[in-house]
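J.: Below: sequence and its predicted model.
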Amino acid sequence: MTVTREAIAVPDSTGPTISLLRELRRGRGRRRAASAAYWVYLIGLVAAFYGGSQIAAAFHALRHPPPATALTVRVLHAAPAGLAALALVVLLVLLRDALWRGPVTLPQVTVDWVLGTPVDRGRLLRPRFRTSAAVAVLAGAAVGIVPAAALVGLGLSAGHGSGSVLRLILVAMMSTAVLFGLGTGAAAFVERSPYVARWLRRLTPFGCVLAAGLAGLAVWAALGGPPSVLSAIALWSGPWGWAVQGMTALAGGTAPLWPAATALLGVAAAALLVLGHHAAAGVPAGALRSRARTIGAMSAAVLSMDTRGVALAYGGRGAARRVRLRLRPPRRRELVLLWRDLLALARAPSRLAGAAVLALMAVGLVAVAGPGGQVALVPVASALGLGYLAAAWLCEGARLDAEDTRRSENLPFRFERLAWWHAAVPCLVLLVVAGVPVVAVSLATGSARVLVWLVVTVPVLVAGALVNVFRPRQHPDLFGGVETPLGNTAAFGVLLWFVRGPVLAVAPMTALLTSALGPARPGVLAWTVVVALGLAFGLCTYAAVRARRLRSA
């Protein structure tokens, strides 16, 4: 063996390696293009079949804008802050995407084989970034049609003709595409630098608070009349405000400097794309490997329709957190399950905070529906849907027991009775979180009806979530279905397998609360309490039955 102090020259194999990769991917690329074309055709066919009338109506509204209504002025006042809030949420999603996936990703095979070879990382990764940036810009242009069509449909372009409508749509598409490009360029730095990723995690709550503040300002503008300086601040508060100034101005709002704001957004996006293209070559190999594993796990979970697997794969990319909170174990063994569920929620503050936000949003929607007068069905159904999601987030302990039935063998309960015990902690948390504003409203109005409705609604939503938690394993017959003159029923069977819990909980409570929130009538409160409690008992019993079947399967 010869020992030398001189550096050993390693030959650069970039050119031959990339040429071999292209040759090996040639057939795979054609198959992926054919698969993508098939899915585009399938989605277009389903959209045309089920939403053809809505698409035709939207196209007619774009050609012949509807006249302004009494709601148009309120929407115009709320548009600056509301659109800025939506743009900020979109930008946060693009940046948070880089924490687990990012604009630069490689297949698992390429990661395993190529990263350990002397290959120029720039020539390998920068084409990936360019592809992601192009896809993001095209997706942003398509997304920009949605707010423009909504503004036109609400009468904000009435009387200006189809030329003004077309200009509004083009500006919205351009601004949204540039915003997506800006987010993609910034995401490259998040993927490259763990330091930037840590700061993004720390600043995300503040971004959510800012988005909530902008949404609150939009509601204030729609209901009253805040100072015009607040709308100007929202439009100039950051790139999210610059991106919506063109839409606001062309819809009839006040944004006189929107060309300058759009140009500023374009310059910022171009600079970040150039810098992100340069930074893409420095993405660490560890980040590429972990992202390849995450994408593989999520793809497998999606193909097997395992929603829990998707959540676990996504959650596995989060940073490890050391939670020092401890709860003293109970002295009575009957309370051990409640202690375990409380400890699980206390050590998952993001899950607890998310459920609290959803619950408060549900309360706000019910307040919009409001007791007295004609109650709108959509706010009530949306509020119950958000409440169901909050309850489902809080049923993590039950979900773990359902996935591994051996986990609860040492507990002093029968497995089918776990559904009843697991309902206690989610009900307690939701009643405490949502009860604070509801009690305040009850004290202010001198009526306890809303508090009673909350007390009877929460158990129904939690029981519906437990029905979904203790669902049986997927059976091959589930995908067979029955042939009918209208087609095979397999798709409806699979959909019902996924959404049986929310359907059984949200649908009856929507009908019940819609009638109960209206003008006070004798006996309505008692009837609501009796029906809701009976529904909660029935759903929890059904969840226990499903748990027994799951254990015996």
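T.: Structure received. Residues are numbered from 1 along each chain as shown.

J.: CA only for contacts and neighbour counts going forward, please
T.: OK.

J.: Determine the three-state secondary structure at the residue most central in space within the chain.
T.: Closest to where the C-alpha atoms of the chain average out (Cα atoms, centre = their mean) is V93, at 8.9 Å. Following DSSP: H, G, I helix; E, B strand; the rest coil, we place V93 in the helix state.

J.: which other residues reach the host helix or strand of V109?
T.: Element membership for V109, per DSSP states H and E: helix 108-114. For helix 108-114, contacts defined as Cα atoms under 8 Å, 6 or more residues apart in numbering pick out 288-289, 292-293, 296.

J.: which residues in the stretch 101-250 of the chain form helices?
T.: Ranges of helices in the stretch 101-250 of the chain, per DSSP state H, counting those that start in this stretch, are 108-114, 121-143, 145-153, 161-192, 194-223, 228-235, 239-250.

J.: Flag whichever of these has the least confidence on average.
T.: Mean pLDDT is lowest for helix 108-114 out of the helices of the stretch 101-250 of the chain, coming in at a mean of 76.

J.: what's the spacing between C540 and E416?
T.: 10 Å (Cα to Cα, to the nearest Å).

J.: Show me which of these two is the more surrounded one.
T.: C540 (24 against 20; other Cα atoms under 10 Å).

J.: Can you read off the pLDDT for that one?
T.: We have a pLDDT of 88 for C540.

J.: what's the answer for the one 4 residues further on, then?
T.: According to the prediction, A544 has pLDDT 85.

J.: ok, which stretches of the chain are strands?
T.: 483-484, 487-488 (DSSP state E).

J.: For R30, grab the count of nearby residues.
T.: 11.

J.: And for C427?
T.: 21.

J.: and it, what is it in contact with?
T.: By Cα under 8 Å, 6+ apart, the contact set of C427 is 391, 458-459, 462.

J.: now, the most widely separated pair of the residues you listed?
T.: Largest separation among the contacts of C427 by Cα to Cα: A391 and P459, giving 9.3 Å.

J.: about what we covered before: now the helix holding V109, how far from the chain's geometric center?
T.: Distance of helix 108-114 from the chain centroid (Cα atoms, centre = their mean, to the nearest Å) equals 31 Å.

J.: same deal with stretch 456-465?
T.: Put simply, stretch 456-465 sits 22 Å off its chain's centre (Cα atoms, centre = their mean).

J.: average model confidence for that stretch?
T.: Mean predicted confidence for stretch 456-465 is 89.

J.: how about low-confidence regions in the stretch 301-450 of the chain?
T.: In the predicted model of the stretch 301-450 of the chain, residues 301-327, 368-376, 445-447 satisfy pLDDT under 70.

J.: which stretches of it form helices?
T.: With DSSP H, counting those that start in this stretch as the criterion, the stretch 301-450 of the chain has helices at 307-315, 336-346, 349-369, 377-394, 396-403, 418-422, 424-445, 449-469.

J.: do you know which of those helices lies nearest G82?
T.: helix 349-369 (15.9 Å).

J.: how near is V469 to P508?
T.: 19 Å.

J.: Just want to know which of the two has more residues nearby.
T.: The residue with more neighbours, out of V469 and P508, is V469; 25 against 16, by other Cα under 10 Å.

J.: out of everything not next to it in sequence, what's closest to the more buried one?
T.: In this structure, V469 finds its nearest non-sequential neighbour in R399, 5.5 Å apart by Cα to Cα, 6 or more residues apart in numbering.

J.: number of nearby residues for the one you found?
T.: By other Cα under 10 Å, the residues close to R399 number 20.

J.: What are the buried residues along stretch 246-254?
T.: For stretch 246-254, a neighbour-count test (16 or more other Cα atoms under 10 Å) marks 246-251, 253-254 as buried.

J.: Distance to M173 added to the residues you listed, as CSV?
T.: Listed next are the buried residues of stretch 246-254 as CSV, based on distance: Cα to Cα, whole Å:
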residue, distance to M173
G246, 10
M247, 10
T248, 13
A249, 15
L250, 13
A251, 14
G253, 18
T254, 20
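
J.: and which of those residues is nearest G213?
T.: When the buried residues of stretch 246-254 are compared against G213 (criterion: Cα to Cα), the nearest one is T248, at 18.7 Å.

J.: residues touching that closest one, list them.
T.: Per Cα under 8 Å, 6+ apart, neighbours of T248: 76, 79-80, 254-255.

J.: Looking at these, which are in helices?
T.: With DSSP state H as the criterion, helices contain 76, 79-80 from among the contacts of T248.

J.: Which of the residues you listed sits closest to L384?
T.: For the ones in helices among the contacts of T248, the nearest to L384 is A79 (26.2 Å; Cα to Cα).

J.: Quick check, that closest one in contact with A218.
T.: Yes - contact criterion Cα atoms under 8 Å: A79 and A218 qualify, at 6.9 Å.

J.: A270 touches F180, doesn't it?
T.: No - the criterion here is Cα under 8 Å, and A270 misses it with F180 at 11.2 Å.

J.: out of the two, which sits in the busier spot?
T.: Using other Cα under 10 Å as the criterion, A270 and F180 rank with F180 on top: 27 against 16.

J.: Roughly how far does that one sit from F413?
T.: To F413, F180 is 52 Å away according to Cα to Cα.

J.: Check D401 too.
T.: According to Cα to Cα, D401 and F413 sit 12 Å apart.

J.: out of those two, which sits in the more crowded spot?
T.: Legend: neighbour count by other Cα under 10 Å for D401 and F413, higher for D401 (20 against 14).

J.: Out of the contacts of T248, the closest to V450 would be?
T.: Nearest to V450 among those is A79, at 31.2 Å by Cα to Cα.
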